[in-house]
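Trainee: what follows is a predicted structure for the sequence shown.
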Amino acid sequence: MKSHIYPCGDSRPRLSSRAKLDRSVGQQRPPKPSHRTASKNLQRFLLAIVLTAIALLQSNSRTQATAQSPTNQSSTDFYNEAHTDVHIGVLTLFHPRQLTISAPAGQALVLQAANQQAILEQSSGPNTATIRLSENSILIEAATQTLRATTLTVTGRKDDPADFLLSVPGKISRHYHGTLEISPEAGSLLAIVTMDRETAVASVVAAESTADAPLELLKAQAIAVRSYLVASRARHHDFDFCDTTHCQFLREPPAPQSRAAQAAAATRNLVLAYNAEPFAAMYTRSCSGHTHTPAELGLPVSTYPYFSVECNYCRMHAARWKSRISTQEAAALRSSDESSRLNVVRRLGWNVVPSNDFIRKEEKETHQVILEGTGQGHGIGLCQSGAKAMAEAGANFRQILGHYYPNTTVVKRTRA
């Protein structure tokens, strides 16, 4: 007997012509089942019902136990809430071999070095410790205590985030809120501050904006900063981000009443998304009348392709600049090439070539090149100067973001 595949996909025996005829005239009928056969079928049916009921009861029991499990609830909460810390490598530009850490008034710091511990607290003892690089380990001196370890961690009394002052003696001091880890790294001390993402957002907004920035601009800036933190983790081997413009410029957290802190609080957990996924939002101090795409500057295209948009303010109020560099330094410098610009400014300073929009004139007699250009920064994404003008004209943060990041949405992101 041959088989035939039906449109629904099943395979049934094809009936012979004789069988079709017999069925049509009712000559082929199955024999009636006996009483014994019917009884067995009923028993099987009832047994199947009982077994199904038992399986359902066991499944419900397992589901309730899982739902009530503290471990399961804790992991869910941790995924939604606790995964919002970021790890920032701080003061790395100084390659410090010595650091000092101080506890501000009213704050106690716990210094943990292997199985050794020291407390910094102004009201009850020393409030400052000195950390020095000592071969492949670190030496910690706090008053009469001397500790040695390969890693130092600094927290509050309850192993929680705390306020502290971290300094490179004779060079810089900064206040942070979070936990701190210090370890030897390539001949210097590596300091990593772990802080809440929202603290980092407010700190970056304060560092990257001007004092007269309108609140709606700062809200837009906060969302762009947060988007970058969410979508660009692990930019460095040992930590997520550095505190320089290589990632985002970060200083101390602003005061709670500051505009930067208000902007971060008002937009808490909001990020920019493209095709429903957060992306690393880029921004620039001033464009030259229109923003650039990464492709225009020889950069790889990211998850978000970016679009070149008009910036009326910068077109009418271009930030103009002029500088001189040697012919040798200018040899590899090209307009509209971000990589070549970065190679120059990292050696000579950011103000030497502030943007990618410039023309060059060679002075053969002086062996110098004159650069004349407009704009500040790479010119990609949100233009802070143009966004400020939009905010002053009444635009809100959503309108600002919609202008500089076309085809994106603002979504809530409560996890990393």
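Mentor: Yep, that arrived. Residues are numbered from 1 along each chain as shown.

Trainee: for this protein, what's the longest strand?
Mentor: Longest strand in the chain, counting residues (DSSP state E): strand 172-185.

Trainee: outside of that one, which residues touch it?
Mentor: 90-91, 94, 99, 101, 104, 131, 133, 136-138, 150-155, 160-167, 189-196, 199, 238, 251-253 (CB atoms under 8 Å, 6 or more residues apart in numbering). C-beta coordinates here come from the backbone N, C-alpha and C atoms, glycine included.

Trainee: pull out the buried residues from it.
Mentor: Neighbour-count burial for strand 172-185 flags Arg174, Tyr176, His177, Gly178, Thr179, Leu180, Glu181, Ile182, Ser183, Pro184, Glu185 (criterion: 16 or more other CB atoms under 10 Å).

Trainee: bridging residues for the third one?
Mentor: This means His177. Counting by DSSP bridges, His177 is bridged to Asp163.

Trainee: likewise for Ile172?
Mentor: Beta-bridge partners, per DSSP bridges, of Ile172: Val168.

Trainee: can you check Ser323 too?
Mentor: On the basis of DSSP bridges, Ser323 is bridged to Leu371.

Trainee: returning to what we had before: from the buried residues of strand 172-185, which is closest to Ala281?
Mentor: Gly178 (23.2 Å; CB to CB).

Trainee: how about the secondary structure of the nearest residue to that closest one once chain neighbours are set aside?
Mentor: Using CB to CB, 6 or more residues apart in numbering and skipping the chain neighbours, the partner closest in space to Gly178 is Met195 (3.4 Å). Using DSSP: H, G, I helix; E, B strand; the rest coil, the three-state assignment for Met195 comes out as strand.

Trainee: tally of neighbours for Met195?
Mentor: Met195 is flanked by 23 other residues according to other CB atoms under 10 Å.

Trainee: then Ile325?
Mentor: Applying other CB under 10 Å, we find 18 residues neighbouring Ile325.

Trainee: how long is stretch 231-241 from one end to the other?
Mentor: End-to-end span of stretch 231-241 (CA to CA, to the nearest Å): 12 Å.

Trainee: before we move on, what about stretch 154-164?
Mentor: For stretch 154-164, the first-to-last residue distance is 9 Å (CA to CA).

Trainee: would you agree Thr267 is in contact with Ile223?
Mentor: Yes. If you go by CB atoms under 8 Å, Thr267 and Ile223 touch, sitting 5.3 Å apart.

Trainee: so Ala234, which state does it fall into?
Mentor: Using three-state DSSP, the structure places Ala234 in coil.

Trainee: just to revisit the earlier point, are any of the contacts of strand 172-185 buried, and if so which?
Mentor: By 16+ other CB under 10 Å, these give 90-91, 99, 101, 131, 133, 137-138, 152-155, 161-167, 189-195, 199, 252-253 as buried.

Trainee: mind checking which of the residues you listed land in strands?
Mentor: Among the buried ones among the contacts of strand 172-185, the ones falling in strands (DSSP E) are 90, 99, 101, 131, 133, 137-138, 152-155, 162-167, 189-195.

Trainee: show the contacting residues for His236.
Mentor: Gly89, Cys242.

Trainee: surely Ser339 is in a helix?
Mentor: Yes. Ser339: assigned to a helix according to three-state DSSP.

Trainee: thought it was touching Pro294?
Mentor: No. Using CB under 8 Å, Ser339 makes no contact with Pro294, being 11.1 Å away.

Trainee: tell me which of the two has more neighbours.
Mentor: Shown here are Ser339 and Pro294; by other CB under 10 Å, Pro294 has more neighbours (18 against 11).

Trainee: and the pLDDT at that one?
Mentor: For Pro294, the pLDDT comes out at 91.

Trainee: wait, what's in contact with it?
Mentor: Counting by CB under 8 Å, 6+ apart, Pro294 makes contact with Pro300, Val301, Ser302, Pro305, Tyr306, Ile380.

Trainee: can you tell me the SS state at the second one?
Mentor: Here Val301 takes the coil state, with states given by three-state DSSP.

Trainee: distance of it from Thr293?
Mentor: 8 Å (CB to CB, to the nearest Å).

Trainee: now swap in the last one and tell me
Mentor: In this structure, Ile380 and Thr293 are 7 Å apart, going by CB to CB.

Trainee: ok, back up a step: more neighbours, Val301 and Thr293?
Mentor: When neighbours are counted by other CB under 10 Å, Thr293 comes out ahead of the other of Val301 and Thr293, with 16 against 10.

Trainee: nearest residue to the more buried one other than its sequence neighbours?
Mentor: Closest residue to Thr293 apart from its sequence neighbours, by CB to CB, 6+ apart: Tyr306 at 4.6 Å.

Trainee: a helix runs through that neighbour, doesn't it?
Mentor: No. With three-state DSSP as the criterion, Tyr306 is coil rather than part of a helix.

Trainee: which residues touch it?
Mentor: By CB under 8 Å, 6+ apart, Tyr306 lies in contact with Met282, Thr291, His292, Thr293, Pro294, Ile380, Gly381, Tyr405.

Trainee: possible to save the residues you listed as CSV with secondary structure and distance to Arg324?
Mentor: Putting the contacts of Tyr306 into CSV (DSSP: H, G, I helix; E, B strand; the rest coil; distance: CB to CB, whole Å) gives the following:
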residue, secondary structure, distance to Arg324
Met282, coil, 29
Thr291, coil, 28
His292, strand, 25
Thr293, coil, 30
Pro294, helix, 29
Ile380, strand, 26
Gly381, coil, 30
Tyr405, coil, 36
